[in-house]
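Visitor: please find the sequence and the predicted model below.
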Amino acid sequence: MVDPVSALTIISLAVTPFLNTEAGKASVGKIAEKLTEGTLKKMGELWALVHKKLCSKKLPEVDIAVRKAQQGDQSAINNVAKYLEQVMGTDNDFATEVQKLTQEIQQEITIQQGAGSKVYNVFGGKVEENTFTENKAPIIKDNNGTITINWGIPPSH
């Protein structure tokens with residue numbers, strides 16, 4: 001069974017770029033400032049996947065909830081999350097695909113939220129400031145500013 005918070009998170013991530021309200025458009029603008037085009041595309045893929053699965057059930061209450069969710073209706077978003085939870089509980093392949101895509105989106109959001117952050121390192125009383133513009137890889141330094149990594153060959157001392 002899917003955690004309802006997870007289902008709500010999935011729906012919230014999936015529906016945000018498609019909100020047809022002014023508030024929705026404003027939130028998309030804020031998201032777009034931080035996210036890459038690839039992440040927004042993944043959000044679209046997530047919504048398409050969820051939309052197709054839920055609407056394939058041909059249940060009027062689901063169709064209505066999906067349409068209202070696209071308009072930004074929070075109670076409809078909550079209802080769609082409940083429908084999604086039910087479907088994910090019965091279709092493991094679908095659940096796995098949705099959760100994988102959601103994790104990728106959340107990871108990208110987390111990475112981009114860190115972009116522009118300042119990190120201060122103190123080495124031997126000397127403070128070094130680093131500003132990260134893109135947190136996709138770790139930055140490794142020693143107190144001299146460089147580090148050597150030897151693969152398979154131990155360093156000679």
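Guide: That came through fine. Numbering: from 1, shown residues only.
Visitor: which strands or helices does the longest helix seen in the chain pack on?
Guide: The longest helix of the chain (DSSP state H) is helix 92-114. Here helix 92-114 touches helix 4-15, helix 22-34, helix 37-55, helix 74-90, going by 3 or more C-beta pairs under 8 Å, 6 or more residues apart in numbering; DSSP states H and E. (C-beta placed from N, C-alpha, C; glycine too.)
Visitor: of those, which shows the lowest average pLDDT?
Guide: The minimum mean pLDDT among those belongs to helix 22-34 (a mean of 55).
Visitor: for stretch 85-101, list the C-alpha coordinates in CSV.
Guide: The C-alpha atoms that make up stretch 85-101 are tabulated as CSV, following Å, rounded to 0.1, in the frame of the first residue of the first chain:
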residue,chain,number,x,y,z
GLU,A,85,-3.1,5.5,-4.0
GLN,A,86,-5.8,2.9,-4.8
VAL,A,87,-4.4,2.3,-8.3
MET,A,88,-0.8,2.1,-7.1
GLY,A,89,-1.9,-0.4,-4.5
THR,A,90,-3.2,-2.8,-7.2
ASP,A,91,-0.7,-2.2,-10.0
ASN,A,92,2.9,-2.7,-8.8
ASP,A,93,4.5,-2.0,-12.1
PHE,A,94,2.6,1.3,-12.4
ALA,A,95,3.5,2.2,-8.8
THR,A,96,7.2,1.5,-9.4
GLU,A,97,7.3,3.6,-12.5
VAL,A,98,5.4,6.5,-10.8
GLN,A,99,7.6,6.4,-7.7
LYS,A,100,10.8,6.2,-9.7
LEU,A,101,9.8,9.3,-11.8
